[in-house]
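*Asks:* 3D model of this:
(one chain, ligands or ions: 2)
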Amino acid sequence: MAENITNQNITQGAKTKQVYTSTNKPIWCAGCGDYSVFASINKALTELGIDKSSVAIVSGIGCSSAMPHSFSTYGVHSLHGRLLPTATGIKLANSSLTVIGTGGDGDGYGIGGGHLMHTARRNLDMTYIIMDNETYGLTTGQTSPTALLGHKTKSTPFGVIEMPVNPMALAISAGATYVARGFSGDVAHLSQLIKGGIEHKGFALIDIFSPCVTFNHDNTYDWFRPRIYKLDSVGHDPSNLNAAMEKAFEDVQTKYEKIPIGLFYKTSRPTYEDLELSFKNGPLVKQEMPTKEQIQSILEENL
Ligand SMILES: Cc1ncc(C[n+]2csc(CCOP(=O)(O)OP(=O)(O)O)c2C)c(N)n1
Ligand code: SF4
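*Replies:* Ligands and ions are numbered 1, 2, ... in the order given. I've put the predicted structure just below:
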């Protein structure tokens with residue numbers, strides 16, 4: 001992590017207000033949707049008032065993956081596509097932490113795609129925020145797994161010929177227990193989705209349309225605005241699995257004339273931490289390390 005991360009909390013009278021942001025300047029282009037995601041995460045954390053020393057923000061590689069540098073919480077800028085294994089390791093070592101993953105669509109649905117289904121089905125209690133700009137921003141605009149059919153990029157000069165990944169359907173079918181989609185053009189709405197994801201006990205995936213103003217000239221703020229609508233406004237019931245799946249395919253089925261955003265699906269089942277016997281006496285970091293003799297006897301019993 002960069003050096004300049006410390007921001008002091010603000011104390012007024014007996015009350016201390018947490019300051020979650022760092023003094024590092026973000027690296028994003030002017031107008032990049034990731035600024036709004038940063039503001040929304042900050043708003044959600046501020047409203048929840050979580051102790052910043054118990055928050056870990058973990059990223060992969062990409063423009064969006066620079067997110068942890070902008071916060072004064074714990075943070076890891078890991079490897080491309082390896083955000084979820086890193087976040088899982090943190091959560092397993094210290095299950096009392098609030099773990100938030102932040103990365104791009106290339107990172108999460110491409111190179112890291114295999115990790116998504118397994119982390120979702122485990123239902124680890126963490127929040128995964130994907131800044132979906134339908135392109136590879138950092139490497140200057142190649143096709144990503146969510147790029148729409150026909151979209152022309154440096155790597156597909158004649159247009160994309162592969163079906164895009166459907167993040168909502170993928171996450172629901174993999175077993176995620178909170179599945180939502182937001183838009184960088186609406187911080188008030190987005191911050192509430194993020195807040196809900198952090199509060200939710202289980203694996204939350206929040207896919208965010210976060211336009212890349214430099215390399216994706218098709219899926220711009222102006223392209224999204226007339227197409228998106230809020231699920232709340234049509235009385236969608238997020239506890240209804242079939243309705244959630246139907247909504248997950250509405251964009252494809254309407255040829256992107258209607259794109260729903262909001263909470264698609266929410267359900268409750270035990271988390272991995274609830275079920276894993278090693279956690280029955282609390283987070284691993286708070287437990288006694290086994291002695292050399294105990295380790296030896298475990299090895300002898302099992303080998
Ligand atoms: C193992 C590996 N493969 C490829 C790369 C090159 N690379 C860096 S970022 C990136 C894609 C970034 O796209 P995305 O995850 O969508 O994030 P964005 O930059 O759009 O926010 C790629 C292919 C890398 N760093 N490591
Ligand atoms: S290249 Fe695109 S994704 Fe990267 S910072 Fe610039 S606008 Fe954002």
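*Asks:* Now the stretch 101-250 of the chain against ligand 1: closest residue?
*Replies:* Residue nearest to ligand 1 within the stretch 101-250 of the chain (Cβ to the nearest ligand atom): G104, separated by 2.3 Å. Where you see a C-beta, it was placed from the backbone N, CA and C, and this is true even at glycine.
*Asks:* wait, what's in contact with that residue?
*Replies:* Applying Cβ atoms under 8 Å, 6 or more residues apart in numbering, we find G104 in contact with 60, 62-65, 130-133, 136-138, 144.
*Asks:* now swap in L138 and tell me
*Replies:* Counting by Cβ under 8 Å, 6+ apart, L138 touches 61-63, 65, 104.
*Asks:* Which one (most neighbours) among these?
*Replies:* Using other Cβ atoms under 10 Å as the neighbour test, these are led by G104, with 34 neighbours.
*Asks:* that older thread, can you add distance to ligand 2 and pLDDT and give the contacts of G104 back as JSON lines?
*Replies:* Listed next are the contacts of G104 as JSON lines, based on distance: Cβ to the nearest ligand atom, whole Å; pLDDT from 0 to 100:
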{"residue": "G60", "distance to ligand 2": "14", "pLDDT": "98"}
{"residue": "G62", "distance to ligand 2": "8", "pLDDT": "98"}
{"residue": "C63", "distance to ligand 2": "3", "pLDDT": "98"}
{"residue": "S64", "distance to ligand 2": "7", "pLDDT": "98"}
{"residue": "S65", "distance to ligand 2": "10", "pLDDT": "98"}
{"residue": "I130", "distance to ligand 2": "13", "pLDDT": "98"}
{"residue": "M131", "distance to ligand 2": "8", "pLDDT": "98"}
{"residue": "D132", "distance to ligand 2": "11", "pLDDT": "98"}
{"residue": "N133", "distance to ligand 2": "5", "pLDDT": "98"}
{"residue": "Y136", "distance to ligand 2": "9", "pLDDT": "98"}
{"residue": "G137", "distance to ligand 2": "3", "pLDDT": "98"}
{"residue": "L138", "distance to ligand 2": "6", "pLDDT": "98"}
{"residue": "S144", "distance to ligand 2": "11", "pLDDT": "98"}
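*Asks:* which one of these sits closest to S78?
*Replies:* Closest approach between the contacts of G104 and S78, by Cβ to Cβ: G60, at 6.0 Å.
*Asks:* neighbours around that closest one, how many?
*Replies:* 27.
*Asks:* and it, what does it touch?
*Replies:* G60 touches 78-83, 103-104, 107-108, 112, counting by Cβ under 8 Å, 6+ apart.
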